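A.B. asks: what's the 3D shape of this:
(2 chains)
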Amino acid sequence: MAEEKSQASSSKMLTLKASDGVLFEVELNIAKEMKTVQAYIDDCEDIETIPIPNVLGKHLAIVIEYIKKTNEEYDAEFEKQWNMDDLQLLLLAANYLNISGLQECLCKAIAKRIENKSPEYVRKVFNIENDHSPEEEAKLRKEYKWAFEGVDKD
Amino acid sequence: MELSYVNASGRYEIESSQKQVSNNGRDIISDLPNHIIGSILSFLPTKVAVRTCVLSKRWKNLWTFVRELSFQDHFHRIKIKKMQFVQFVYRVLRHLDSSMIDSFSLSLCYNYAHIKEWISLVLSRKVKKVYLEAQSKHQYQEFPTKKKKEFPTNSLFECQYLQELCLKNFRIRLRPFITLSSLTVLKLSRMSVTTTFGVPNEPKDLTLNFPVLRKFETEGWPWYHVKSVTLQMPLLDVLSMDDCRYHGPHVEINYCVSHLIKFNYTGRFLSATILVDAVDIVSANINIMLYDGSSNSIQEQMVFVSKLLSINGLNAASLKLCLSREQLFESVVEVFEKVRDSLNYIPDFQILSHLHLDLAPGDLLLGILSKSPCLETLVLKVQDFGKTLLDSALMPGCFLLTLKVVKFERFAATTHDLNFAEFVLKNAVVLEKITFSCSPPKKLGQKKWKKVRDNILSYTRRFNSLDIKLEIVP
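C.D. replies: Predicted coordinates for the structure are as follows:
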């Protein structure tokens, strides 16, 4: 039944406008994978161009490609192409656009890259500023002592 | 052009487009919503997730948004470290007292007494998946039942919203009738499951009712001191029994299933009857290691093989049988002589279409081939196939009608290999493909392969319709 529906509407194209003005023409069923876009369409049926103010053209292109190609094999290779900065921005985009498969893929990829790293390394990679006082930090390390054993050297 | 967005603290922010060029210096991740950070941390062992509490004030409690917990202890020499692990697990579980937990995974080396309390804490969070393992120092040895740790609680087998359960290396005593109405995956690895531990109690019947179970896997033989086990699993897709070995008093295992997609049996002869009540089975893999033990005659073992092959629902297209023999002091020939004799007492393998034989002497090989009237694929390592056999053997029925593919593994171009190749090429009328697979360092040099190939080609005139291939396997 879903197939019949998409046959009728698959020819309908939608335009998505990224934050830097780049335009993307996508098929309706691709666009619908982005639940935020789906909600937009549900609200205003006749819309043809949908603004995506939080996502750069470069990242929107990657997201659209993911939706088109996603499968087990593709997902396994997907995350290897992007650096940590891009992964985070892609995750922001996937979160805004509400694409659960992509969100999960990206969360897993980011986790993999910090798996055995020290807090110092993780701060550096994410640009996190340590605003704990030394006493506070020492207290936390003591409270969860077992967790701080055996960390990789950076 | 301006970019506007709402960050995790709910503040509306405006960025000029110039800053969007790179993330340099920007801490994007801390601005993600809590539940997204929780998702990222859920992919990490809980130990690592909790460490993020020291990253910054914002991160102090972000780890509490995880939905998957996993704890792995290690073998320690220092006693205090064992207690620190226990302390850590309790602190984490208590800190999450208002959270939803989807999965809980625990791999223990000590402190088994705490399992009961931990499970209780976790079940109250409506956990859906539980994985529990008792680590053993000896990785490849299975402990005898008495040495396995007793699982201190039955609450897991009473939890009606549990969806996945994997247990490893425990012994557990269950009530004779168990139902788990939401369970979809069950794996019992190196377990000893019983209704009663031992003499002088009489072994009882055990009934397990899993109305929505999709996957049931066992590693090692899980049933201990039971009279029979009945498993009601009408929606089961995958039934897999790995490394089966059992020599106790006879037991009957009854799988009440319906449509299986995959059936796997790997192991040895069991002093058990396995009944599978299936309407159909899409693909089946039966892998039996034969041995010449004093406790079970070869004949008994072959009868067991033939009973497995006559399980309901198996069909010709899908069945793969692999027979190999245990590395023993006795010569292989003796073991298989007995197998050959026992073949007289069992019915034909009516549905066998794919056969894999490891080191079969020639007459056993012929014996099994004669018993497999529908065989289409044969994979083997030839043990011996002498000239007398080549000259005098009767052609098996499957050669005439069904055998399409033959593959020689660990091919070394010995006389025996070539004799059997000749036998096949001269007699297998409907053969489509024959492959010779060598693994280095025994691979044949160019010159030798050419000579061998010429020899092989001389056995048959049907060059065009036959695909002959030599492959080197790493």
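
A.B. asks: so where do the strands sit in chain A?
C.D. replies: Here chain A has its strands, by DSSP state E, at A:13-17, A:23-27, A:49-51.

A.B. asks: buried residues, the shortest one. List them.
C.D. replies: Buried positions in strand A:49-51, judged by neighbour count with 16 or more other CB atoms under 10 Å in any protein chain shown: residue A:50. Glycine gets a C-beta too; all of them are placed from N, C-alpha and C.

A.B. asks: try the first one
C.D. replies: Buried residues in strand A:13-17, defined by neighbour count with 16+ other CB under 10 Å: A:14, A:16, A:17.

A.B. asks: pLDDT wise, what is residue B:203 at?
C.D. replies: With respect to pLDDT, residue B:203 has a value of 86.

A.B. asks: number of residues surrounding the nearest residue in space to it that is not next to it in sequence?
C.D. replies: Leaving aside its chain neighbours, residue B:203 sits nearest to residue B:227 (4.4 Å; criterion: CB to CB, 6 or more residues apart in numbering or on different chains). For residue B:227, the neighbour count with other CB atoms under 10 Å in any protein chain shown is 15.

A.B. asks: repeat for residue B:216
C.D. replies: Neighbours of residue B:216 (other CB under 10 Å): 22.

A.B. asks: and for the one 10 residues further on?
C.D. replies: Using other CB under 10 Å, residue B:226 has 22 neighbouring residues.

A.B. asks: that one against residue B:252, yeah?
C.D. replies: No - at 9.3 Å, residue B:226 does not count as touching residue B:252 under the criterion of CB atoms under 8 Å.

A.B. asks: and residue B:133, helix, strand or coil?
C.D. replies: What DSSP: H, G, I helix; E, B strand; the rest coil gives for residue B:133 is strand.

A.B. asks: surely residue B:27 is within a helix?
C.D. replies: No - read with three-state DSSP, residue B:27 is coil and lies in no helix.

A.B. asks: the residue in the stretch 101-250 of chain B that chain A sits nearest to: neighbour count?
C.D. replies: At 12.1 Å from chain A, residue B:111 is the closest residue in the stretch 101-250 of chain B, using CB to the nearest CB. Neighbour count for residue B:111, taken as other CB under 10 Å: 14.

A.B. asks: residue B:84 is in contact with that one, correct?
C.D. replies: No - Residue B:111 sits out of contact with residue B:84 when judged by CB under 8 Å, with a separation of 10.8 Å.

A.B. asks: tell me which residue of chain A is furthest from the middle?
C.D. replies: residue A:135 (35.6 Å; CA atoms, centre = their mean).

A.B. asks: give me the distance between it and chain B.
C.D. replies: As judged by CB to the nearest CB, to the nearest Å, residue A:135 and chain B stand 12 Å apart.

A.B. asks: so what pLDDT did that residue get?
C.D. replies: On the pLDDT scale, residue A:135 is placed at 94.

A.B. asks: can you give me the strands in the stretch 101-250 of chain B?
C.D. replies: For the stretch 101-250 of chain B, the strands defined by DSSP state E, counting those that start in this stretch occupy B:103-108, B:129-134, B:149-150, B:164-168, B:170-173, B:177-179, B:185-189, B:192-194, B:204-209, B:215-219, B:226-232, B:238-256.

A.B. asks: spit out the contact partners of residue A:132.
C.D. replies: By CB atoms under 8 Å, 6 or more residues apart in numbering or on different chains, residue A:132 lies in contact with A:140, B:54, B:56, B:57, B:60.

A.B. asks: buried ones among those?
C.D. replies: The buried subset of the contacts of residue A:132 (16+ other CB under 10 Å) comprises A:140, B:54, B:56, B:60.

A.B. asks: identify the farthest-apart pair in those residues.
C.D. replies: A:140 and B:56 (11.3 Å; CB to CB).

A.B. asks: and residue B:131, how many neighbours?
C.D. replies: Residue B:131: 16 neighbours (other CB under 10 Å).

A.B. asks: cool, residue B:383 as well?
C.D. replies: By other CB under 10 Å, 19 other residues sit near residue B:383.

A.B. asks: ditto for residue B:25
C.D. replies: Close neighbours of residue B:25, defined as other CB under 10 Å, add up to 7.

A.B. asks: who touches the spatially closest residue to residue B:75 that is not a sequence neighbour in this structure?
C.D. replies: For residue B:75, ignoring the flanking residues on the chain, the nearest one in space by CB to CB, 6+ apart is residue B:109 at 5.2 Å. When the contact criterion is CB under 8 Å, 6+ apart, the partners of residue B:109 are B:73, B:74, B:75, B:76, B:82, B:134, B:135.

A.B. asks: just residue B:208 next, same as before
C.D. replies: By CB under 8 Å, 6+ apart, the neighbours of residue B:208 are B:178, B:229, B:230, B:231, B:232.
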